[in-house]
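Novice: this one's sequence-less:
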């Protein structure tokens, strides 16, 4: 039984060590995508020497890649720089972040705190506008009004805290009316 476990362990270790690292595989995929995008953006038939023209002949030295000046499509992995790969990764990351569906928004605790403060200010009659988590003109005016009624300093920075929210929650009468 132990011999089978040792063989299984040795085989698993061999597979793990022989497999290419995920980062390298990701980079190869990105390089292929960069090359394909460059070819797709070329307006003619012969962006690279290995492409074929309309007659089915290989482009070779007639390709845009082979001719100096003008278009310079990316045809080979050696044409792709590390900076191009990093830029591609950054664009992909930004795309992922910016395409979240509206119902899958990232939770922002600071914004939630401001929403809760706005909700409490509305309950107390201070009219901060719609609770959206952003201290805009209406929220600032509501905080200033609240501070003036109670004789407190009226800085929106000092009111952007959990302590201020707790003070608001303890009040049970309309303050700003």
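Specialist: Looks like it came in fine. What you are looking at is a predicted structure, and each value in this text was computed from that prediction instead of being measured. Residues are numbered from 1 along each chain as shown.

Novice: and whichever helix or strand residue 27 is part of, what other elements does it pack with?
Specialist: Using DSSP states H and E, residue 27 maps to helix 22-41. Applying 3 or more CB pairs under 8 Å, 6 or more residues apart in numbering; DSSP states H and E, one finds that helix 22-41 makes contact with helix 82-98. Yep, even glycine has a C-beta here, placed from its N, CA and C like the rest.

Novice: now the strands for this structure?
Specialist: Read by DSSP state E, the chain holds no strands at all.

Novice: Helices of that one, start to end?
Specialist: 2-18, 22-41, 82-98, 109-123, 137-150, 162-170 (DSSP state H).

Novice: quick revisit: neighbouring contacts of the helix holding residue 27?
Specialist: The contact list for helix 22-41, computed with CB atoms under 8 Å, 6 or more residues apart in numbering, reads 47-48, 51, 73-77, 79-80, 84-85, 88-89.

Novice: what does stretch 44-55 give?
Specialist: Outside stretch 44-55, the residues that reach it (CB under 8 Å, 6+ apart) are 38-39, 58-66, 71, 73, 75-76.

Novice: Show me which of these are buried.
Specialist: With burial judged by 16 or more other CB atoms under 10 Å, the buried subset of these is 38-39, 59, 63-65, 73, 75.
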